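[1] Just a sequence and a predicted model for now, questions to come.
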Amino acid sequence: MTHFDVFNGDADGICTLQQLRLATPRKATLVTGVKRNIVLLAHVPAVAGDEVTVLDLSLDRNRKALLGLLENGVHVCYFDHHFPGPIPEHPGLDAHIETLSNRGASLLVNDFLGGRFRTWAVVGTFGDSFDATARRAADPLELNAAQLATLRELGICLNYNAYGAHIQDLYFAPDILFRRLELYADPFDFIAADTASETFVPATPKIWRGRGDCNPSSWTIATPSIFLPAEPWSRRAGGVLANRLSHTSAQRAYAC
């Protein structure tokens, strides 16, 4: 039997998988992509008896491939917060889908696991730009302001890394980034070890430095449109910029 973990390459997808595999470690084939590549189930070569875990990907967009897997005898466990359309009723499907506007997949899995790895859920929730929800979720952790800011920054960095038209646009492919995170039950331990690493290029410092590309002086705003230059950094910065605008100008619509 082969297990496949299929996940969105953004902060929410990675942190959702991080929690699940800390709780139930298993050898799995990873299937992921850039943040906007959400039609991933079609790339899973599962056969009867295999198991597939799907995280932070729209069921509606993956419906045809999902039905095909189920019909072929594959068991699928599905966690998501996007619009699903009609959820198939099938004995091979274990669906955990909730479409509240202020909760991502990280918190769905946090609830499923009884809060065992809540700190990673907070990172993923910050990365998905649900700041108020992330702060509420962090209350039981009793973190100080600096610690909370550190988790928020990590979530933003993981999310920032996922934006691009192709994997080559990213600083780190999401599956490689997950393999670095999976060793750490505590994100603070990951940050400390990754920052101090001398054996490979540290992930978080490189992404943090890369966010310097997101330079406000480079933005040209012609209300209500924002024009970014045709450069790779623009594809990365666009999502961070959109999230920032959603917090600072929540009543206004923009085109980026």
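    All right, it came through fine.
[2] Run through the stretch 151-256 of the chain and note the low-pLDDT ranges.
    Residues of the stretch 151-256 of the chain that meet the criterion pLDDT under 70 lie in 198-201, 208-224, 232-233, 235-240, 243-244, 246-250.
[3] Tell me where it has strands.
    With DSSP state E, counting those that start in this stretch, the ranges of strands along the stretch 151-256 of the chain come out as 220-222, 225-227.
[4] Residue 65 reaches residue 45, doesn't it?
    No. The pair residue 65 and residue 45 fails to qualify as a contact (Cβ atoms under 8 Å) at a distance of 11.1 Å. From N, CA and C alone the C-beta is placed, and that goes for glycine too.
[5] The two: who's more crowded?
    A side-by-side neighbour count of residue 65 and residue 45, using other Cβ atoms under 10 Å, places residue 65 first with 19 against 9.
[6] which residue sits closest to that one, ignoring its sequence neighbours?
    Distances taken as Cβ to Cβ, 6 or more residues apart in numbering put residue 41 closest to residue 65, at 3.6 Å, once the chain neighbours are dropped.
[7] swap in residue 87?
    residue 95 (5.4 Å).
[8] who does the helix or strand where the one you found lies pair up with?
    Element membership for residue 95, per DSSP states H and E: strand 93-97. Strand 93-97 pairs in its sheet with strand 75-80 (parallel), by DSSP bridges.
[9] Would you mind writing the CA trace of the partner strand as CSV?
    Taking Å, rounded to 0.1, in the frame of the first residue of the first chain, the C-alpha atoms of strand 75-80 are listed here in CSV:
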residue,chain,number,x,y,z
HIS,A,75,-9.3,5.6,0.5
VAL,A,76,-9.3,9.4,0.6
CYS,A,77,-9.1,11.6,3.7
TYR,A,78,-10.0,15.2,2.9
PHE,A,79,-9.4,18.4,5.0
ASP,A,80,-10.4,21.7,3.4
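[10] Per the annotation, how does the protein divide into domains?
    When the chain is parsed with automatic domain parsing, its domains come out as 3-211, 214-248.
[11] Test my guess that the residue nearest to residue 65 contacts residue 7.
    No. The pair residue 41 / residue 7 is not scored as a contact, 11.2 Å apart, by Cβ under 8 Å.
[12] Between these two, which has more neighbouring residues?
    residue 7 (28 against 25).
[13] related to what we said a few turns ago, contact partners for the residue nearest to residue 87?
    59, 78, 84, 87 (Cβ atoms under 8 Å, 6 or more residues apart in numbering).
[14] any idea how far it is from residue 226?
    Residue 95 is 37 Å from residue 226, where distance means Cβ to Cβ, to the nearest Å.
[15] And for residue 111?
    Distance from residue 111 to residue 226, by Cβ to Cβ: 36 Å.
[16] same thing with residue 64?
    Separation of residue 64 from residue 226 (Cβ to Cβ): 35 Å.
[17] coming back round to it: in terms of secondary structure, what does the helix or strand that the strand holding residue 95 is followed by contact?
    Where DSSP H and E defines the elements, the next helix or strand beyond strand 93-97 is helix 105-112. Contacts defined by 3 or more Cβ pairs under 8 Å, 6 or more residues apart in numbering; DSSP states H and E place helix 105-112 against helix 11-23, strand 75-80, strand 93-97, helix 118-127, helix 131-138.
[18] Nearest to residue 37, out of those?
    Closest to residue 37 of the helices and strands packed on helix 105-112 is helix 11-23 (Cβ to Cβ; 10.8 Å).
[19] In CSV, could you pull the C-alpha coordinates for the closest one?
    The C-alpha atoms that make up helix 11-23 are tabulated as CSV, following Å, rounded to 0.1, in the frame of the first residue of the first chain:
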residue,chain,number,x,y,z
ALA,A,11,1.5,28.1,4.6
ASP,A,12,-1.9,26.7,5.4
GLY,A,13,-1.3,23.5,3.4
ILE,A,14,2.2,22.9,4.8
CYS,A,15,1.2,23.6,8.4
THR,A,16,-1.8,21.3,8.0
LEU,A,17,0.3,18.5,6.8
GLN,A,18,2.9,19.3,9.5
GLN,A,19,0.3,18.7,12.3
LEU,A,20,-1.0,15.5,10.8
ARG,A,21,2.4,13.9,10.3
LEU,A,22,3.6,14.9,13.7
ALA,A,23,0.6,13.1,15.1
